[in-house]
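Peer 1: The amino acid sequence is not available; the structure is as follows:
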């Protein structure tokens, strides 16, 4: 992209733009590789894996739909469609909350917990191979420090 | 996540998992912030901006749909829906390729080029504020080096 004189206050050098674009692609590429592994070995989309994992880490294996959408970084409508599929496969159930008129919960079933446990070694192996093993300890530390600067308080 | 003994060969420490999860969220968070700016100031989704930008950087401002889908990291069906919208707004046209039966092209219109030019200062200002200004020169260099290691040959 050519940065014209009128944008000089916000001018971005070609080198800076390259770093930005690489970062833009990094997450997508890793995500695609992880998803390919999960699909081939477990017929499970990465978004499905993320939903099962978030539920498994929550008290009583349940989350309000809005909270779940925020955690798995999906739109509310996208999550609704995904939960439809997971419910059809018996991995998740919907439950109304008796004490809370706002609340519709997604709940992990035993079958969902089992499916997650089966897929987790594949997921972890993917992260190790695609990301952790490529960087050395210092680089991982640098990476964490930069992410902390970019997103204070975001260490999940 | 608890890493059990059976996964010890691929064991991931809690610190490693935190770095991974932060990275997972970094791109999404920056993306959401950039998109919010573009929507508020130009009523333009980030995916639309990406499509217009990719076309503007291509010879004759046109790309085959499959190539465009790959570059903007959308599924072919997702891109088709997006191009429908952009075509309705007069920003992009579809053109068949006379010499290539496979080919349906997306082409940037003059109105699309103008819309892109209007939105670009907002986009660049967003990248500067959300990303480049937060890291110093050394950190940007480290970031680039890590991305090169993770994705050899990916410097766009």
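Peer 2: That came through, no problem. Every value quoted in this text rests on a predicted model; they were computed, and no experiment measured them.
Peer 1: Does anything pack onto the biggest helix by length in chain A? Which helices or strands?
Peer 2: The longest helix of chain A (DSSP state H) is helix A:14-42. Under the contact definition 3 or more Cβ pairs under 8 Å, 6 or more residues apart in numbering or on different chains; DSSP states H and E, helix A:14-42 sits against helix A:46-56, helix A:110-127, helix B:14-42, helix B:110-127, helix B:137-150. For the C-beta atoms, the positions are set from N, CA and C on the backbone; glycine is no exception.
Peer 1: Out of those, which one sits most buried?
Peer 2: Highest mean neighbour count of those: helix A:46-56, a mean of 21 (counted as mean count of other Cβ atoms under 10 Å in any protein chain shown).
Peer 1: got the contact list for that one?
Peer 2: With Cβ atoms under 8 Å, 6 or more residues apart in numbering or on different chains as the contact definition, helix A:46-56 has outside contacts at A:31, A:34-35, A:38, A:61-63, A:68, A:71-72, A:74, A:79, A:82-83, A:85-86, A:91-92, A:106-108, A:112-113, A:115-116, A:119-120, A:123, B:1.
Peer 1: Could you do stretch A:90-100 as well?
Peer 2: Stretch A:90-100 is contacted by residues A:48, A:51-52, A:55, A:62, A:64, A:83, A:86-87, A:103-109, A:111-112, A:115 when judged by Cβ under 8 Å, 6+ apart.
Peer 1: try 7 Å this time
Peer 2: Residues external to stretch A:90-100 that are found in contact with it (Cβ atoms under 7 Å, 6 or more residues apart in numbering or on different chains): A:51-52, A:55, A:62, A:83, A:86-87, A:103-109, A:111-112, A:115.
Peer 1: Any buried residues in it, and which?
Peer 2: By neighbour count on 16 or more other Cβ atoms under 10 Å in any protein chain shown, the buried set for stretch A:90-100 is A:91-92.
Peer 1: And for stretch A:61-68?
Peer 2: For stretch A:61-68, burial by neighbour count (16+ other Cβ under 10 Å) applies to A:61-65, A:68.
Peer 1: Show me which of the residues you listed is closest to chain B.
Peer 2: Using Cβ to the nearest Cβ, residue A:61 comes nearest to chain B of these, at 13.7 Å.
Peer 1: The closest residue to the closest one other than its chain neighbours and residue A:56: what is the separation?
Peer 2: Counting by Cβ to Cβ, 6 or more residues apart in numbering or on different chains, the nearest residue to residue A:61 once its immediate chain neighbours are dropped is residue A:108, at 3.9 Å. To residue A:56, residue A:108 is 6 Å away according to Cβ to Cβ, to the nearest Å.
Peer 1: which residues sit in contact with the residue most central in space within chain A?
Peer 2: The centroid of chain A falls nearest to residue A:72 when counting by Cα atoms, centre = their mean (5.2 Å). Shown in contact with residue A:72 (Cβ under 7 Å, 6+ apart): A:47, A:50-51, A:54, A:79.
Peer 1: Adding distance to residue A:98 and mean pLDDT as columns, could you present the helices and strands packed on helix A:14-42 in a markdown table?
Peer 2: A markdown table is the format used below for those (distance: least, Cβ to Cβ, whole Å; pLDDT from 0 to 100):
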| stretch | distance to residue A:98 | mean pLDDT |
| --- | --- | --- |
| helix A:46-56 | 19 | 94 |
| helix A:110-127 | 22 | 95 |
| helix B:14-42 | 33 | 84 |
| helix B:110-127 | 44 | 95 |
| helix B:137-150 | 48 | 87 |
